[in-house]
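Novice: build me a structure from this.
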Amino acid sequence: MKSNSVEQIYTSCLAQGSYFIESDGEAAVIDPLRETYPYLKRAKEKGVKIKYIFETHFHADFVSGHLDLAKETGATIIYGPKANTDFQKHEAYDGEEFKVGKLTFRVLHTPGHTPESTTYLLLDEDGKEHSIFTGDTLFIGDVGRPDLAQKATNLTQEDLAGWLFDSLRNKIMPLPDHVVVYPAHGAGSACGKNMSSDTWDLLGNQKKTNYALRPDMSKEEFIDEVTAGLMPPPQYFSKNAKLNKKGYGSFSSAMEQGLKGLSVEEFNALREDPSVLTLDVRDRWSFVNGFIPGSLFIGLDGSFAPWVGALISDINQKIILVVDQGKEEEAVRRLARVGYDNALGYLKGSVESWTKGGGKLNVIKTQKVEDFIAQSPDAATKVIDVRKPSEHENAHLEDAILMPLDYFLTTDYGKQIDKDSNYFIHCRSGFRSTIAASILAKEGYQNLTNIIGSFDAIKHSSLPIEGACPSLVDAE
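Specialist: All right, here's what the predicted structure looks like:
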């Protein structure tokens with residue numbers, strides 16, 4: 001089989017992999033992005049017709065493009081067993097095969113991450129096993145979390161983890177070692193715990209290195225390890241899964257609405273409406289040095305879409321954008337990828353037009369991490385750590401207050417910090433701390449100093465560090 005028959009289309013913001021496979025004038029797409037043009041472009045360039053759209057499961061972390069792509073190409077949407085939808089699709093049975101040119105896709109029902117989770121085995125023109133598209137069943141270095149479908153199924157995460165164990169042992173591990181593993185996600189996705197930054201691997205190597213594929217592991221041990229330490233999923237996961245099951249509005253309509261340029265007067269009129277959120281997507285330094293009052297910061301230069309989904313509770317939220325010129329389309333597209341289709345437009349001319357029109361800007365006091373360290377803050381210095389609990393446990397500044405950004409939607413700030421005290425706020429790099437600082441500023445907390453820079457610099461400094469991995473200054 002030609003090596004270029006399988007193309008991985010990887011989207012770093014979502015840590016998501018979709019696939020375009022073509023043979024002899026036909027093509028299949030697996031787990032497509034919301035926007036259809038990457039697939040339509042490839043089909044046109046290669047002179048092939050998209051015949052099938054294979055979905056590995058009901059995605060929770062992004063809105064799939066299966067509906068729009070099927071409308072535009074006439075392709076058949078394929079799900080595995082137990083996939084109930086409100087739209088027309090083919091529900092495949094375990095072992096069913098589909099021809100794409102000279103290639104064959106075989107359905108392997110692999111429930112566990114979700115009941116309908118399915119792996120697609122690709123056979124070459126000689127019928128030899130070539131690769132598997134595992135969705136969220138098997139990642140590189142990890143497996144899918146088994147807790148996302150609990151409420152919809154009345155199953156426990158232990159029930160689903162048991163199914164996942166059986167799926168891996170009975171359907172995937174018996175396959176030859178030369179088979180290539182193509183998962184739906186890599187490092188950075190919340191669909192697993194400890195995924196590798198690699199986006200594909202040979203199955204034989206995964207059998208040797210993936211903790212979940214240890215041959216001597218009992219089902220009970222597997223369930224314990226897979227369910228240990230799971231953080232609650234982001235709040236938008238269930239909403240995206242519902243959209244993928246029931247349907248959604250067109251991507252093109254969301255883009256058209258969101259790409260309306262707003263004058264300062266139009267922008268300000270919308271901004272004063274309490275039902276409209278001002279979202280600033282510029283880089284963190286630009287934001288802290290001057291932002292429109294009341295703005296929420298989530299920068300395009302970080303994990304934008306997942307943080308939008310984690311922190312904006314209403315998926316139908318009306319949004320107006322503050323964005324660098326030339327980045328408008330990217331911002332609206334990345335909102336739509338996670339189902340936030342109600343962007344109303346962007347401020348023409350960005351912040352510069354706001355200030356030229358007489359608008360005032362707020363700032364957030366900010367330091368580089370090196371300057372923070374140089375101050376030699378003592379135990380009386382109040383510090384807010386907005387990293388994940390696991391990061392905090394590994395190493396943190398002595399007496400730092402843990403307020404994970406992941407939980408800011410449910411945080412009662414007043415119980416942990418007061419508005420009259422001065423605080424420094426940090427994360428791993430300054431991206432999350434800037435988001436947190438913007439949220440706290442909206443809530444009336446003004447005595448904050450945001451720290452931008454690597455936490456590694458703090459960890460390797462002489463500042464007092466607690467946790468499992470204390471300062472390494474002495475060791476070095």
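Novice: and the closest residue in space to K327 that isn't next to it in sequence, what's its pLDDT?
Specialist: Computed as C-beta to C-beta, 6 or more residues apart in numbering, the closest residue to K327 that is not its neighbour in sequence is L300, at 6.1 Å. (C-beta placed from N, C-alpha, C; glycine too.) Residue-level confidence at L300 comes out at 97, pLDDT.
Novice: quick one: the strands in the stretch 251-400 of the chain?
Specialist: Remark: strands assigned in the stretch 251-400 of the chain by DSSP state E, counting those that start in this stretch are 261-262, 276-280, 296-297, 318-322, 343-347, 366-368, 383-385, 396-397.
Novice: between the ones you listed, which gets nearest to N244?
Specialist: Nearest to N244, of all the strands of the stretch 251-400 of the chain, is strand 343-347, at 20.3 Å by C-beta to C-beta.
Novice: ok, the closest one: who's next to it in the sheet?
Specialist: If you go by DSSP bridges, strand 343-347 pairs up with strand 261-262 (parallel), strand 318-322 (parallel).
Novice: and the pLDDT at S350?
Specialist: pLDDT at S350 comes out at 97.
Novice: just checking, it touches V323?
Specialist: Yes: counting by C-beta atoms under 8 Å, S350 touches V323, with 6.5 Å between them.
Novice: what sits in contact with each of the two?
Specialist: Both S350 and V323 are in contact with R282, where contact means C-beta atoms under 8 Å, 6 or more residues apart in numbering.
Novice: pull the number of nearby residues for the nearest residue to S275 once chain neighbours are set aside.
Specialist: Setting aside the residues directly before and after it, S275 is nearest to K318 in space (C-beta to C-beta, 6+ apart), at 5.8 Å. By other C-beta atoms under 10 Å, the residues close to K318 number 13.
Novice: how far away is K318 from P464?
Specialist: 45 Å (C-beta to C-beta, to the nearest Å).
Novice: likewise Y236?
Specialist: According to C-beta to C-beta, Y236 and P464 sit 37 Å apart.
Novice: just want to know which of these two has more residues nearby.
Specialist: Per other C-beta under 10 Å, whichever of Y236 and P464 has more neighbours is Y236, with 26 against 15.
Novice: roughly how far does the closest residue to the more buried one other than its chain neighbours sit from C13?
Specialist: Of all residues not flanking Y236 in the chain, G309 sits nearest, at 3.4 Å (C-beta to C-beta, 6+ apart). Remark: distance between G309 and C13 (C-beta to C-beta) = 11 Å.
Novice: between these two, which contacts overlap?
Specialist: Common contact partners of G309 and C13 (C-beta under 8 Å, 6+ apart): none.
Novice: the two - which one has more neighbours?
Specialist: More crowded of G309 and C13, by other C-beta under 10 Å: G309, with 27 against 20.
Novice: how about that one, what does it touch?
Specialist: 61, 234-237, 240, 338-340.
Novice: nearest to L203 among those residues?
Specialist: Closest approach to L203 among the contacts of G309 (C-beta to C-beta): D61, at 24.2 Å.
Novice: okay, and which of the contacts of G309 map to helices?
Specialist: 237, 240 (DSSP state H).
Novice: out of the contacts of G309, which are buried?
Specialist: Buried by 16 or more other C-beta atoms under 10 Å: 61, 234-237, 240, 338-340, out of the contacts of G309.
Novice: just to revisit the earlier point, now do the contacts for the residue nearest to K327.
Specialist: 281-283, 323, 327, 330-331, 334.
Novice: would you map out the domains in the protein?
Specialist: Domain segmentation of the chain under automatic domain parsing yields 3-238, 249-356, 366-466.
Novice: just to revisit the earlier point, among the buried ones among the contacts of G309, pick out the one closest to D385, please.
Specialist: Nearest member of the buried ones among the contacts of G309 to D385, counting by C-beta to C-beta, is P234, at 19.7 Å.
Novice: wait, doesn't the closest one sit right on A310?
Specialist: Yes: counting by C-beta under 8 Å, P234 does reach A310; the two are 4.2 Å apart.
Novice: overlap of the contact sets of those two?
Specialist: Common neighbours of P234 and A310 (C-beta under 8 Å, 6+ apart) are D406.
Novice: not counting sequence-adjacent ones, nearest residue to Q317?
Specialist: Nearest to Q317 is L277, by C-beta to C-beta, 6+ apart, at 5.5 Å.
Novice: look up how far S5 lies from L203.
Specialist: 18 Å.
Novice: can you read off the pLDDT for T36?
Specialist: 96.
Novice: give me the neighbour count for it.
Specialist: 22.
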